[in-house]
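**Student:** Sequence and computational prediction follow.
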Amino acid sequence: MSDLRLLLCTDMDRTVIPNGRQPEHPAARRRFADFCNRPEVTLVYVTGRHRTLAQQAIKNYVLPEPDYAITDVGTKIYRVIDEQWQTWEDWEQEIAKDWHGKSYQDIKQLLDTVPGLKLQELSKQNTHKVSYYLPLHMDTLEVMDHMNDSLQKEGIAASLIWSVDEPKSIGLLDVLPRNATKLHAIEFLQRQLGYHLNEVLFAGDSGNDLPVLISAIPSVLVANAADEVKEEARQLALHNGHEQALYVAEASGLSMNGNYAAGVLEGVWHFAPGFRDMLQQGEA
């Protein structure tokens, strides 16, 4: 019996979901699904999507069902058994400490007066996530400073996560408990499941994946990521002393183009050579 095992954590949009401008290799998703269905692999989706949208994407893009899912930008963890998504209550209790008993409504009320913020749809909110739209012409840093001042005065430990919905040309700003991030959620899952650091791999594509990409967790940035994200990730990983933990896919090792799921598998090839025979079995 093989001692190999891998906790494969991957972002969804523009990482395993080919919804960017660059072409997807025609065999990439099939090979990704075949690999993830192996018993040695525990698959975790790490996404800003909420559960319903993540499930919809799995169906629409014929993605493999995960073993776990970290959703809502890190505020929810689900264990998936026979397609049933079960909330991991221990994680909810862990991140609740940062808000010191304050509720979603308390946070929302506190930030009601911040100029430019528009609350996102109810479906995009949850107990520990307050999500806003922010026009791109606004001074993002000024708005975030205003928000941080308001939160800190109330003793609330929060993370503000900024990203851009490029198709809609609108800014997205999430208020989360400080420890409710993709990085902390992956670290929590790793500890709970008993994986060593060299048995974990993260894959991402965008700026909101940077906290993981520049950490000690072995990480791959797929080839279709923007050049500025690649450069920033390299610089910050070097600054943090984790340059060896970051790999930027470049269409090597697997006869694919390094985009989307092909880049994820290329990261496995790079960081986990014990799996190379399994990866080559999927070549066609």
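**Tutor:** Cool, the structure landed.
**Student:** Quick one: low-confidence residue ranges for the stretch 1-150 of the chain.
**Tutor:** By pLDDT under 70, the low-scoring segments of the stretch 1-150 of the chain are 1-2.
**Student:** For it, which segments count as strands?
**Tutor:** 6-10, 41-46, 68-71, 76-81, 84-87, 118-119, 130-134 (DSSP state E, counting those that start in this stretch).
**Student:** Nearest residue to Thr181 in space, please, no chain neighbours.
**Tutor:** Closest residue to Thr181 apart from its sequence neighbours, by Cβ to Cβ, 6 or more residues apart in numbering: Gly74 at 4.6 Å. (Glycine included, C-beta is placed from N, CA and C.)
**Student:** Any idea how many residues pack against that neighbour?
**Tutor:** Other residues lying near Gly74 total 31 when counted by other Cβ atoms under 10 Å.
**Student:** Throw the strands of the stretch 1-150 of the chain into TSV and include mean neighbour count and distance to Ala233, thanks.
**Tutor:** Output for those, formatted as TSV (neighbours: other Cβ atoms under 10 Å; distance: least, Cβ to Cβ, whole Å):
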stretch	mean neighbour count	distance to Ala233
strand 6-10	25	16
strand 41-46	24	16
strand 68-71	26	20
strand 76-81	19	25
strand 84-87	12	30
strand 118-119	12	30
strand 130-134	21	24
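**Student:** Tabulate these in a markdown table, adding columns for distance to Ala157.
**Tutor:** What follows is the strands of the stretch 1-150 of the chain, written out as a markdown table (distance: least, Cβ to Cβ, whole Å):
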| stretch | distance to Ala157 |
| --- | --- |
| strand 6-10 | 24 |
| strand 41-46 | 22 |
| strand 68-71 | 20 |
| strand 76-81 | 19 |
| strand 84-87 | 22 |
| strand 118-119 | 22 |
| strand 130-134 | 14 |
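**Student:** what sits against Ile170?
**Tutor:** Counting by Cβ atoms under 8 Å, 6 or more residues apart in numbering, Ile170 makes contact with Tyr133, Leu134, Pro135, Leu136, Val164.
**Student:** Tell me what it is bridged to.
**Tutor:** Judged by DSSP bridges, the bridge partners of Ile170 are Asp165.
**Student:** Ends of stretch 264-281, what's the gap?
**Tutor:** Length of stretch 264-281, first residue to last, Cα to Cα, to the nearest Å: 16 Å.
**Student:** Mind listing what's buried along it?
**Tutor:** Val264, Leu265, Glu266, Gly267, Val268, Trp269, His270, Phe271, Ala272, Phe275, Met278, Leu279 (16 or more other Cβ atoms under 10 Å).
**Student:** care to break the chain down by domain?
**Tutor:** For the chain, the structural domains run 6-75+180-281, 98-177, going by automatic domain parsing.
**Student:** I'd like the contacts of Ile170 as a markdown table, with distance to Leu254 appended.
**Tutor:** Listed next are these as a markdown table, based on distance: Cβ to Cβ, whole Å:
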| residue | distance to Leu254 |
| --- | --- |
| Tyr133 | 39 |
| Leu134 | 39 |
| Pro135 | 42 |
| Leu136 | 37 |
| Val164 | 31 |
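**Student:** which one among those residues gets closest to Gln244?
**Tutor:** Val164 (29.9 Å; Cβ to Cβ).
**Student:** Am I right that Leu236 is in contact with Ser215?
**Tutor:** No. Using Cβ atoms under 8 Å, Leu236 is not in contact with Ser215; the gap is 9.8 Å.
**Student:** circling back to that earlier point, if you compare the domains of the chain, which one is most tucked away?
**Tutor:** domain 6-75+180-281 (a mean of 20; mean count of other Cβ atoms under 10 Å).
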